[in-house]
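Enquirer: model this:
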Amino acid sequence: MNNILISHALNDPLALKDHIEQVIQSSYYLISKKSLNFKGIFRKDIEKVSLYIAGCHDFGKATSYFQNYISCKIKGIPYAEGIKNKSHSLISGLFGWFVVEKWIHSCQDMEARWKEFLPLAVFLAIEGHHGFYNNIEDALRKIDEGLQCELFKRQLNSIQQEFFTYKFMRIDLCEGVKFSIKSIKEIQKQLRKIHREYHRNSLDNLIEQRILGLLLYSILLEADKAYLAADSPEQYERESISISDDIVDRYIETLNHKASINIDRKKAYDSTINDIDRISPKEKIHSITLPTGLGKTLLSLSWAIKMRVRLKKKEIVPKIIMSLPFLSIIEQTDDIYKKVFKEQIKERAKRLYTTYYSIADFEYKDGLDKEERSDNSVDFFLSIWNSEIIVTTFDQLLYSVFSMKSKHLMRFHNLFDAILIFDEIQALPSDLWKPFEFFLERLLK
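Expert: I've put the predicted structure just below:
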C-alpha cells in the first residue's frame, strides 16, 4: 500500500483512485440514461458536471489525516488525530466548487443562471453525500467554522500530491492543483452573495435548479455505494427488463367474465385502454376516475405497461412507480401484481417487481443470484428501487422529493422518465397539494 492513497479499509483495501473511477463510471451510466430537458444548458454539460462531482467527491481522503485514519482502521488500532481533521466531505465540496467553476468559464453557451448555480450544486452534492442535503445557511456556518479553527489550512497542508495525478473519463484532477485557502475565502464570499440574493429568483427558476441539484446529488449517492454495496460487480445490473404490453390482458382472460361486475369492469377497461394510441406524447398528466370495484388496479397497471412499451420505441424505458396511501391497499395491490407477474417473478424476482414500505419483506434477489446476498447488498438494492415496477407508499415517494436525508434522496433520480401512478390521490395531505403540484409539473418538463 506504500505511496498509494486508500479509500476504504476493506478486507482487500480499496485504492482511492479505483474508488473514484468506479463512482465516475456509475455516475456516467446513470446520467446517460436520463432525459435532460433543462433550458439554457446542454445535456453534455450536465453530464460533465456529474463526472466532476464523482471525481472530486473524495478529495479530502487524500489528506495525511484521513490516510492515517484508514491505516489505523486496517491495523485495528485507535486513531488519535481528531475526528474533524480526518473529515473529508466539506473540503471535498469546496474543492469541487473550485474545479467546476474553472471549467464553467469555458462554457460559452450556458445561461448565466446555471453558471452561478452549478458550483453551488456541486458543493451541496459533495458536502452532503454522507448525511444530509444542507441549505446555504448551514453551509456558510460550516465554512466559517472551518476557517476560524484553521481546519482547512491543516487539511490542505497535508494533501498528498498523488491525487492531482489522477486522470479519468473526460476529467483531469490536476485542474484543482491551485486550490487554496484563498480559493475557499472567495467561495465563502460568493456563497454569501447567493444567500443575500436568493429571494430575487423566480419560483420556476428555484424549482428547476432544485430538481437539477437533487438529480446530481442522487446520482452521486447511488454511484458512491454501487460497487461497495454489491457483493460482486455483476450484481449492479441496471439494464431494463422487457415486459409484454399484453401481460395484463392475458391475466384478465383467466378471470370469471360472467359476473355482472366483471362485465362492467371490461367496459371500463376497454374504453380506457383503447384510447392510449390517441394520447399525445405532450400530455404528461392523466387521470382515471372509476367507482370502487371497477378494477382501477389492473386498469392503471395495464395502461402504464402499454405506455412504457410505447415509450421504449423512443429509447426511453421508464420505471413504473405505483404510490398508494394506505398499507391495506398496498397489500391488496401487491397480491394482484404477484398474480399478474407470476411467471416473470420466478425468472427475475425483485429485479422485475418489488414493494417498498415500512413492513415490506427485507429481501432482494434478481433471479440470477447463486448465493444469498449480504444484508448490505439487500438494503442497497431495495433502497435504490432497482426494479422495473415498484409499489410504495405516498410517504416514501414524498421522502424521495422533499426529504433532506441522503437515504431517501438516493432514489430521486429514478423519478426522471418514470411513469408515476397515484392511487387515491385525494388522500395526499392538503398542505402538500401546492408544493407537490409545483414540483411535479416542473419535473414533467
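
Enquirer: number of nearby residues for residue 342?
Expert: The tally of other residues near residue 342 (other CB atoms under 10 Å) stands at 10. Where you see a C-beta, it was placed from the backbone N, CA and C, and this is true even at glycine.

Enquirer: so how far is residue 218 from it?
Expert: Counting by CB to CB, to the nearest Å, the separation of residue 342 from residue 218 is 32 Å.

Enquirer: equivalent analysis for residue 310, please.
Expert: Noted for residue 310: a distance of 26 Å to residue 218, by CB to CB.

Enquirer: where does the protein dip in pLDDT?
Expert: 1-3, 237-238, 256-261, 281, 291, 293-294, 370 (pLDDT under 70).

Enquirer: again, 50 this time
Expert: Applying pLDDT under 50 to the chain flags the ranges 1.

Enquirer: which segments of the protein make up each domain?
Expert: 6-229, 247-444 (automatic domain parsing).

Enquirer: ok, and the closest non-adjacent residue to residue 101?
Expert: For residue 101, ignoring the flanking residues on the chain, the nearest one in space by CB to CB, 6 or more residues apart in numbering is residue 119 at 4.5 Å.

Enquirer: of all the helix elements in the chain, which one is longest?
Expert: Longest helix of the chain, by residue count under DSSP state H: helix 203-229.

Enquirer: which parts of that helix are buried?
Expert: 207-229 (16 or more other CB atoms under 10 Å).

Enquirer: and what of stretch 69-86?
Expert: Buried residues in stretch 69-86 (16+ other CB under 10 Å): 69-72, 79, 81, 85-86.

Enquirer: identify, from those, the entry nearest to residue 191.
Expert: residue 85 (23.2 Å; CB to CB).

Enquirer: the helix or strand hosting the closest one - contacts with which helices or strands?
Expert: Assigned by DSSP states H and E, residue 85 falls within helix 83-86. Applying 3 or more CB pairs under 8 Å, 6 or more residues apart in numbering; DSSP states H and E, one finds that helix 83-86 contacts helix 64-75, helix 151-157.

Enquirer: try it again with 6 Å
Expert: helix 64-75 (3 or more CB pairs under 6 Å, 6 or more residues apart in numbering; DSSP states H and E).

Enquirer: the helix it packs on packs against which elements?
Expert: Counting contacts by 3+ CB pairs under 6 Å, 6+ apart, helix 64-75 is packed against helix 83-86.

Enquirer: residues touching the helix it packs on, excluding its own?
Expert: The contact list for helix 83-86, computed with CB atoms under 6 Å, 6 or more residues apart in numbering, reads 65-66, 69, 151.

Enquirer: who touches the next helix or strand after that helix?
Expert: Downstream of helix 83-86, the next assigned helix or strand under DSSP H and E is helix 89-104. For helix 89-104, the external contacting residues (CB under 6 Å, 6+ apart) are 52, 56-57, 59-60, 115, 119, 122-123, 126-127, 130, 142, 155, 175-176, 179, 183-184, 187.

Enquirer: which stretches in the chain count as strands?
Expert: Listed in chain order, the strands of the chain (DSSP state E) span residues 6-8, 14-15, 167-168, 171-172, 320-324, 353-356, 389-393, 419-422.

Enquirer: so which of these gets nearest residue 288?
Expert: strand 419-422 (9.3 Å).

Enquirer: and the closest one, which strands flank it?
Expert: strand 320-324 (parallel) (DSSP bridges).

Enquirer: got the CA positions of the partner strand in PDB?
Expert: This file holds the C-alpha atoms of strand 320-324, laid out as PDB (Å, rounded to 0.1, in the frame of the first residue of the first chain):
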ATOM      1  CA  ILE A 320     -43.400   2.200 -13.200                       C
ATOM      2  CA  ILE A 321     -43.900   3.500  -9.700                       C
ATOM      3  CA  MET A 322     -47.300   2.900  -8.100                       C
ATOM      4  CA  SER A 323     -47.900   5.000  -5.000                       C
ATOM      5  CA  LEU A 324     -50.700   4.300  -2.500                       C
END
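
Enquirer: can you offset everything so residue one is 18?
Expert: Shifting the count to begin at 18 puts that one at strand 337-341.

Enquirer: can you give the distance of that strand from its chain's centre?
Expert: 17 Å (CA atoms, centre = their mean, to the nearest Å).

Enquirer: list the contacts of stretch 192-204.
Expert: Everything outside stretch 192-204 that qualifies as a contact, by CB under 6 Å, 6+ apart, is 111-112, 114-116, 169-170, 181.

Enquirer: and it, how far apart are its ends?
Expert: 17 Å (CA to CA, to the nearest Å).

Enquirer: tell me which residues in stretch 309-318 are buried?
Expert: Those would be 311-318, for stretch 309-318 by 16+ other CB under 10 Å.

Enquirer: just stretch 378-395 next, same as before
Expert: By neighbour count on 16+ other CB under 10 Å, the buried set for stretch 378-395 is 381-383, 386, 390, 394-395.
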